[in-house]
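Student: sequence and predicted structure are below.
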Amino acid sequence: MKDLTPNGIALRISLVVAISITLLVFALEYLMSTVNYPLIALVFPVTFLASYTGFRIAVERFIYKKIKVIHRTIHSLKLKKGEEQKEFSLNQIQAEVEDWAQLNKEEIDRLKGLESYRREFVGNVSHELKTPIFNIQGYLLTLLEGGLEDPNINVKYLVKANKGVDRMISLIEGLDEISKLESGTIELNIQKIDLKELIKEVLSSLEMSAKTNNITLKFVEEPTKALWVMADYQGVNQVLVNLIVNAIKYGKENGETLVRLHNLHDNILVEVADNGQGVAEKHLSRLFERFYRTDKNRGRDSGGTGLGLSIVKHIIEAHNQTINVRSTEGIGSTFSFTLKKA
Ligand code: ADP
């Protein structure tokens with residue numbers, strides 16, 4: 001159907017009415033053989049004007065007044081006080097109502113998503129904290145109930161309880177860091193840094209841990225000198241440490257971890273690749289979520305908080321850059337992120 005405004009509706013109806021009446025008058029006069037042409041010429045404009053005015057008022061009053069309320073409600077946020085609504089057509093209203101319904105649906109879906117994310121998050125935090133708290137409580141109770149006098153367990157249990165406290169501290173610190181990164185409280189100190197130098201430092205600081213796990217760390221670098229990027233030194237340091245520690249932790253016996261750099265147009269792409277256990281396809285899209293682990297127990301037992309990759313992603317995004325992962329189960333994983341060239 002054609003898109004009609006109140007004006008258009010009134011105009012069309014009046015045209016039909018005026019033509020019909022004019023034809024009727026003409027037919028009657030013709031039948032009575034007294035055709036008065038000046039009168040007929042007058043009937044058309046008069047009937048057209050009269051019916052146009054009447055229909056316009058009727059359409060306005062009975063249909064548009066009601067629709068206007070709906071239209072105004074939908075527009076209430078967009079129209080400023082005292083601003084008049086322009087004339088609108090039925091098709092326009094239909095399109096706007098559909099848009100409005102679609103927007104509402106999207107907003108409701110978004111809120112539902114946030115709500116389930118919040119619920120899952122609270123559940124995860126309490127679950128993660130519960131384990132070390134119950135462990136600590138168990139050790140302390142045993143000590144209180146006489147274990148303190150037993151030289152076989154007293155120091156051992158205190159050390160274990162202390163480990164639980166350490167674990168709780170790393171969880172709280174991780175959460176605190178994520179919340180600061182999310183709220184923008186942590187100010188990045190973006191400056192020109194020598195990326196190659198930074199990578200070498202991180203690799204040498206993790207050398208021992210790699211050796212203990214029988215993993216070789218390698219930096220595949222082009223023979224150019226310094227490579228300058230604009231980034232926060234501490235932030236990138238933490239990203240590299242987290243990724244390389246994971247590569248070691250989830251690597252295989254006698255495996256290797258490579259750090260590679262690729263020169264892109266405006267950016268440098270940093271890759272941390274391992275030939276370890278890899279990640280199944282179904283987990284990949286959720287890997288950067290807080291507390292997400294492919295193997296719940298193994299990750300926790302190896303001392304991980306499940307927050308490392310989430311922190312890494314936040315740091316990279318705070319640099320307005322991106323991080324990705326590709327992985328094949330049993331073959332290995334490659335985490336890659338970009339940094340802006342200086
Ligand atoms: P965690 O403290 O558990 O290591 P992360 O956020 O660092 O937490 O990593 C989340 C999960 O991603 C890990 O539990 C592990 O399942 C998976 N993962 C991370 N890095 C690797 C990797 N290099 N190889 C295989 N799996 C990995």
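Tutor: Thanks, I have the structure now. Residues are numbered from 1 along each chain as shown.
Student: where does the protein get nearest to the ligand, which residue?
Tutor: Residue nearest to the ligand within the chain (Cβ to the nearest ligand atom): residue 304, separated by 2.1 Å. The way it works is simple: take the backbone N, C-alpha and C, and place the C-beta from them, glycine included.
Student: now do the SS call for that residue.
Tutor: In the three-state summary, residue 304 is assigned as coil, counting by DSSP: H, G, I helix; E, B strand; the rest coil.
Student: please name the residues that touch it.
Tutor: 249, 293 (Cβ atoms under 8 Å, 6 or more residues apart in numbering).
Student: same question, residue 74
Tutor: Shown in contact with residue 74 (Cβ under 8 Å, 6+ apart): 96, 97, 100.
Student: now the residues you listed: which count as buried?
Tutor: Neighbour-count burial (16 or more other Cβ atoms under 10 Å) is assigned to none of those.
Student: point to the residue nearest the middle of the protein.
Tutor: residue 110 (9.6 Å; Cα atoms, centre = their mean).
Student: host element of that one?
Tutor: helix 90-144 (DSSP states H and E).
Student: is there any residue in that helix that contacts the ligand?
Tutor: No. If you take Cβ under 6 Å from any ligand atom as the test, helix 90-144 misses the ligand, and the best it gets is 10.4 Å.
Student: near the ligand, anything from the following helix or strand past that helix?
Tutor: Following helix 90-144 in sequence order, the next helix or strand is helix 154-183 (DSSP H and E). No. Using Cβ under 6 Å from any ligand atom, helix 154-183 stays clear of the ligand, coming no nearer than 8.7 Å.
Student: return the residues in contact with residue 226.
Tutor: So residue 226 contacts 194, 196, 197 (Cβ under 8 Å, 6+ apart).
Student: neighbour-wise, which of the residues you listed leads?
Tutor: residue 196 (20 neighbours; other Cβ atoms under 10 Å).
Student: didn't it look like it was pressed against residue 222?
Tutor: No. Look at residue 196 against residue 222 with Cβ atoms under 8 Å: they stay out of range, at 9.2 Å.
Student: what's the helix or strand residue 230 falls within packed up against?
Tutor: Assigned by DSSP H and E, residue 230 belongs to strand 228-232. If you count contacts as 3 or more Cβ pairs under 8 Å, 6 or more residues apart in numbering; DSSP states H and E, strand 228-232 packs onto strand 190-194, helix 195-212, strand 332-341.
Student: state the next helix or strand along the chain beyond the helix or strand bottoming out on mean pLDDT in the chain.
Tutor: When each helix and strand of the chain is scored by mean pLDDT, DSSP states H and E, helix 296-301 comes last, with a mean of 63. Next along the chain after helix 296-301, taking DSSP H and E as the criterion, comes helix 308-318.
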